[in-house]
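Engineer: sequence first, then the predicted structure, then my questions.
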Amino acid sequence: MWAQVAEHIGKRTYAAKLNRIYRQLENISVDYAILERATRETADPAVFVIPGEIGWSDIGSWNAVYELLAEHPGANIFAGPGQSLDAEGNFLWSPHKFVAAIGVRDLIVVDTPDALLICPRDRAQDVGKIVKALEERKRENLL
């Protein structure tokens, strides 16, 4: 499938082709899709590792995004205009609306045109459960 996408790199058709192919791909993590399968091969190794300090962070959850952006523990992260009072450790993603955070701690709030996510930062990984439920209910418009 990826070869089909590669043919369109640099062309106006790239985004549409990538979107069609991406929707057909299995929803699994890179470590499972590539690394674990490669270790089961009986032939010579197909994957090699070179150690390096490159500042990599696995941004697999909204909490990970918070930790990447927070300048110090307890910082409030605003994606747009906002003000906090007695609030700490919050990630408040609402680029177009003013957010007032009062007396709240360690929340993830993500406002998009079609959905609003609110959860404690320590439950950010559970977003995947909501995604699965939406997929089961055929609510692709929200994904």
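Structural biologist: Perfect, thanks for sending it. Numbers count the residues shown, from 1 in each chain.
Engineer: alpha carbons only for contacts and neighbour counts from here, please
Structural biologist: Noted.
Engineer: next, count neighbours for Tyr32.
Structural biologist: 10 (other CA atoms under 10 Å).
Engineer: contacting residues for it?
Structural biologist: Residues near Tyr32 by CA atoms under 8 Å, 6 or more residues apart in numbering: none.
Engineer: checking it next. Helix, strand or coil?
Structural biologist: helix (DSSP: H, G, I helix; E, B strand; the rest coil).
Engineer: how near is it to Ile54?
Structural biologist: 22 Å (CA to CA, to the nearest Å).
Engineer: before we move on, what about Trp62?
Structural biologist: Distance from Trp62 to Ile54, by CA to CA: 21 Å.
Engineer: the two - which one has more neighbours?
Structural biologist: Trp62 (22 against 6).
Engineer: strands of this structure, residue ranges please.
Structural biologist: 77-78, 82-85, 91-93, 99-102, 107-111, 116-120 (DSSP state E).
Engineer: other residues contacting the third one?
Structural biologist: Which is strand 91-93. Residues outside strand 91-93 that contact it (CA under 8 Å, 6+ apart) are 62-63, 66, 76-80, 99, 106-111.
Engineer: can I get the buried part of the residues you listed as one PyMOL selection?
Structural biologist: To isolate the buried members of the contacts of strand 91-93 in PyMOL, using 16 or more other CA atoms under 10 Å:
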select buried, resi 62+63+66+76+77+78+79+99+106+107+108+109+110+111
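Engineer: next one: Val104 from Asn90, what distance?
Structural biologist: Per CA to CA, Val104 is found 8 Å from Asn90.
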